[in-house]
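Novice: Quick one, what's the 3D model for this:
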Amino acid sequence: MDDDIDPEIGSLIDQLRNNSIAIKAVQREPDLLKKEDIEMFVIQKAGALVEDSLEMIRTVKDYIISAPDPKGVESLAGLITATSSAIETLNKLIVTDKKTAAMFRLKEMDADLKRQLIEDQTNSKIKLTREEMLRHIAIAVQEKQVTSIDITSAPVKES
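Specialist: Prediction:
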């Protein structure tokens, strides 16, 4: 009977040794992030964290349902809290991004409106100047019969 158990134990020990080698192979040095890559890194890692956390919640929930104990329930609650916090962080990133885009569009619209107002004011000044010229001509014609008008001698209104 001892002969039947020994090969199994030897096999388990070999598996554990191979497992620790595999774990060492998986560990690697983190990549250095550039400043412009940080936002994408945070979004990708937060998304992966949320997905992993949701999968873990499903796994732990199944375990808790089959054999509930206080530590398991507490760990599930902590996992749910951490996952909801990660989701909230992602949501804040999205809201901030949309808010920034909206503020940028608003500033563009404001600049366009100011340009339009300046253009309208310039056009109305030109119209006022024309109207004043016509009024001046009409007054000159009423005072005396003018056959020709010297535009260079007309009073110039400076703004």
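Novice: Tell me how many other residues crowd residue 46.
Specialist: Close neighbours of residue 46, defined as other CB atoms under 10 Å, add up to 15. Heads up, the C-betas are built off the backbone N, CA and C, glycines and all.
Novice: do the same with residue 69
Specialist: 10.
Novice: and if you look at residue 36?
Specialist: 7.
Novice: Tell me the pLDDT of it.
Specialist: pLDDT for residue 36: 78.
Novice: who's in contact with it?
Specialist: If you count contacts by CB atoms under 8 Å, 6 or more residues apart in numbering, residue 36 has none.
Novice: tell me the SS of it?
Specialist: At residue 36, secondary structure determined by DSSP: H, G, I helix; E, B strand; the rest coil is helix.
Novice: Then residue 32?
Specialist: Secondary structure of residue 32, per three-state DSSP, is coil.
Novice: So what's the residue count around it?
Specialist: 6.
Novice: measure it to residue 100 for me?
Specialist: 27 Å (CB to CB, to the nearest Å).
Novice: hey, which helix or strand in this protein has the poorest pLDDT?
Specialist: helix 2-26 (a mean of 62; mean pLDDT, DSSP states H and E).
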